[in-house]
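Student: Here's a sequence, model it:
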Amino acid sequence: MRINCVGGGPAGLYFAVLAKLADPAHEVTVLERNPAGVTWGWGVVFWDDLLDDLFRYDPVSARRIWDASCQWDEYRVRATGKAVTHLAGYGFSLGRKVLLDILTQRATELGVEVRHLDELTDESDLPDADLVVACDGAGSRIRERYAEHFGTDIEVGRNKYIWLGTPHVFKTFTFGFERTEAGWIWYHAYPFNAETSTFIVECAPETWTALGFDNLDARAGAARLQEIFAAHLGGQPLIDHRAEVGGTGWLNFRRLTNQRWDHGNVVLMGDAAHTTHFAIGSGTKLAIQDAMALADAVSSEDELAVALERYEHRRKAALAPLQRAAKASSEWFERVTDYVDLPAKQFSYALSDRRGEYPMWRYLLHVATQSAIPRTLLRWTLSARRWSRARRRPGASRTTQAGRPPQRYGVRPRPAKG
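Tutor: Residues are numbered from 1 along each chain as shown. Predicted structure coming up:
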């Protein structure tokens with residue numbers, strides 16, 4: 001089978017890897033419009049469920065991703081005029097460029113052809129292949145060609161947001177809220193290597209305008225945000241990649257859905273098929289899981305049309321609860337002024353329960369673990385559970401089974417070999 005993946009992000013590269021593993025005779029090509037080694041974005045986040053899947057589908061790339069990852073084992077909440085509070089939970093993060101480098105290397109090792117600076121400019125450029133995978137992002141040109149067929153719907157969020165980076169390395173995933181003369185503005189930040197953190201800023205459109213961001217370019221806007229969040233940054237700057245190319249990175253989130261995901265031999269995957277709000281940090285996870293489901297479908301004995309339909313049904317069923325959670329989460333941040341006057345413990349609990357799903361015992365646990373000793377016990381309990389789960393992953397013996405309960409913050413120490 002000749003397969004062309006249009007888009008060299010995590011979804012396209014990982015699907016290419018799995019397609020080659022399923023049948024080395026497949027002719028698989030990935031077409032990426034950016035130069036090699038160039039990508040927008042900072043770090044991505046994921047959780048143990050994705051690691052379980054990665055080790056099950058391809059232990060080789062899974063081990064490389066594990067070795068390059070950073071982790072945290074709690075969340076921190078900081079808000080003007082409130083004590084710092086903590087939320088139970090843990091996750092992994094990884095630089096987007098590192099992730100793409102790992103997947104590109106693995107794909108080429110297996111015989112995938114990865115072409116950079118290759119961009120479709122008109123309909124005649126659509127690859128001549130048995131299967132064309134449109135994984136070219138939320139602004140997919142292939143999807144736009146057949147938007148009426150796919151039934152694309154886009155819902156634009158109210159708040160403004162921007163992705164930035166900083167050399168200030170946060171000790172753990174941190175939510176920070178600052179009250180300004182124009183209203184509240186906040187960030188979601190997390191480390192993704194020993195030198196850099198992702199720093200996503202969000203605010204209401206009225207606050208954005210009153211603070212003058214509608215008239216500031218990327219460099220001036222980053223400097224203004226650096227002033228606002230100076231108490232959180234330890235004297236380090238905020239960086240907007242767009243400062244070098246002009247313009248600004250401020251956006252409104254676009255929640256994208258499609259009624260159908262395939263059209264003939266063309267199929268949607270990743271952000272081209274669906275988007276989920278960054279507040280639940282599942283974009284990369286869902287894109288890679290799309291790739292897994294599509295690889296399973298096309299490796300079956302079914303005709304392509306049947307396989308693509310099975311892929312769509314499987315992924316829509318899996319996505320539905322996460323899309324509801326993401327929508328509830330984004331709407332909570334649009335109503336953040338309803339909560340910011342709460343006492344610190346109640347405010348941080350409202351943040352953690354923004355989907356409205358937790359039973360009362362979770363609140364009692366949250367209050368109890370704001371003290372150091374109960375919080376440490378909970379953290380180590382979660383770490384031990386995570387370590388035990390890692391040992392059971394197929395193909396992970398040389399990495400995770402020799403591991404140990406992870407350190408609390410920062411870059412996870414590389415596990416012993418042998």
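Student: pull the longest helix from this protein.
Tutor: Assignment by DSSP state H gives helix 304-334 as the longest helix of the chain.
Student: From the contact counts, what lies against that helix?
Tutor: Applying 3 or more C-beta pairs under 8 Å, 6 or more residues apart in numbering; DSSP states H and E, we find helix 304-334 packed against strand 152-166, strand 251-258, strand 262-263, helix 283-298. Backbone N, C-alpha and C define where each C-beta goes, glycine included.
Student: mean confidence for the helix or strand that that helix is followed by?
Tutor: Later in the chain than helix 304-334, the nearest helix or strand by DSSP states H and E is helix 344-352. Confidence for helix 344-352, expressed as mean pLDDT, is 97.
Student: swap in stretch 211-223?
Tutor: Averaged over stretch 211-223, pLDDT sits at 94.
Student: Show me which positions of it end up buried.
Tutor: 211, 213, 216, 218, 221, 222 (16 or more other C-beta atoms under 10 Å).
Student: same question, stretch 143-160
Tutor: Neighbour counts over stretch 143-160 (16+ other C-beta under 10 Å) mark 143, 145, 146, 150, 152, 157, 159, 160 as buried.
Student: Can you get me the start-to-end distance on that stretch?
Tutor: 25 Å (C-alpha to C-alpha, to the nearest Å).
Student: So for it, mean pLDDT?
Tutor: For stretch 143-160, mean pLDDT is 94.
Student: now stretch 394-401
Tutor: On average, stretch 394-401 scores 55.
Student: Then stretch 53-73?
Tutor: Per-residue scores along stretch 53-73 average to 94.
Student: export it as CSV, just CAs?
Tutor: Taking Å, rounded to 0.1, in the frame of the first residue of the first chain, the C-alpha atoms of stretch 53-73 are listed here in CSV:
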residue,chain,number,x,y,z
ASP,A,53,-0.1,2.6,24.8
LEU,A,54,3.3,3.7,23.5
PHE,A,55,5.1,0.7,25.0
ARG,A,56,2.4,-1.7,23.7
TYR,A,57,2.6,-0.4,20.1
ASP,A,58,6.3,0.3,19.7
PRO,A,59,8.6,-0.2,22.7
VAL,A,60,11.6,1.2,20.9
SER,A,61,10.2,4.8,20.4
ALA,A,62,8.5,4.5,23.8
ARG,A,63,11.8,4.0,25.6
ARG,A,64,13.3,7.0,23.8
ILE,A,65,10.3,9.2,24.8
TRP,A,66,10.5,8.0,28.4
ASP,A,67,14.2,8.7,28.6
ALA,A,68,13.8,12.2,27.3
SER,A,69,10.8,13.1,29.5
CYS,A,70,10.4,15.4,32.5
GLN,A,71,7.8,14.7,35.2
TRP,A,72,6.0,16.3,38.1
ASP,A,73,3.9,14.7,40.9
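Student: neighbouring contacts of the helix or strand where residue 190 lies?
Tutor: Residue 190 belongs to strand 183-191 when elements are defined using DSSP H and E. Strand 183-191 has contacts (C-beta atoms under 8 Å, 6 or more residues apart in numbering) with 43, 45, 70, 72, 91, 93, 166, 169-178, 197-204, 206-207, 210-211, 228-229, 232, 278-279, 333, 336-337, 340, 410-411.
Student: how about the nearest residue to residue 158, chain neighbours excluded?
Tutor: Nearest non-adjacent residue to residue 158, counting by C-beta to C-beta, 6 or more residues apart in numbering: residue 334, 5.1 Å away.
Student: which is the next helix or strand following the strand or helix carrying residue 225?
Tutor: Using DSSP H and E, residue 225 sits in helix 218-228. For helix 218-228, the following helix or strand on the C-terminal side (DSSP H and E) is helix 230-233.
Student: Now that next one: average pLDDT?
Tutor: The predicted model assigns helix 230-233 a mean pLDDT of 96.
Student: next one: stretch 293-304
Tutor: Average pLDDT, stretch 293-304: 93.
Student: what separates that stretch from the chain centre, distance-wise?
Tutor: Distance of stretch 293-304 from the chain centroid (C-alpha atoms, centre = their mean, to the nearest Å) equals 26 Å.
Student: mind checking the end-to-end distance for it?
Tutor: The separation between the terminal residues of stretch 293-304, taken as C-alpha to C-alpha, is 14 Å.
Student: what does stretch 73-91 give?
Tutor: Its first and final residues considered, stretch 73-91 spans 7 Å by C-alpha to C-alpha.
Student: In that stretch, which residues are buried?
Tutor: Across stretch 73-91, burial judged by 16+ other C-beta under 10 Å covers 73-79, 82, 85-88, 90-91.
Student: report the angle between the axes of the longest helix of the chain and strand 152-166?
Tutor: Angle, helix 304-334 to strand 152-166, by axes from the mean of the first three to the mean of the last three C-alpha atoms, to 10 degrees: 60 degrees.
Student: If you count neighbours, what's buried in helix 304-334?
Tutor: 304, 307-312, 314-316, 319, 322-323, 325-333.
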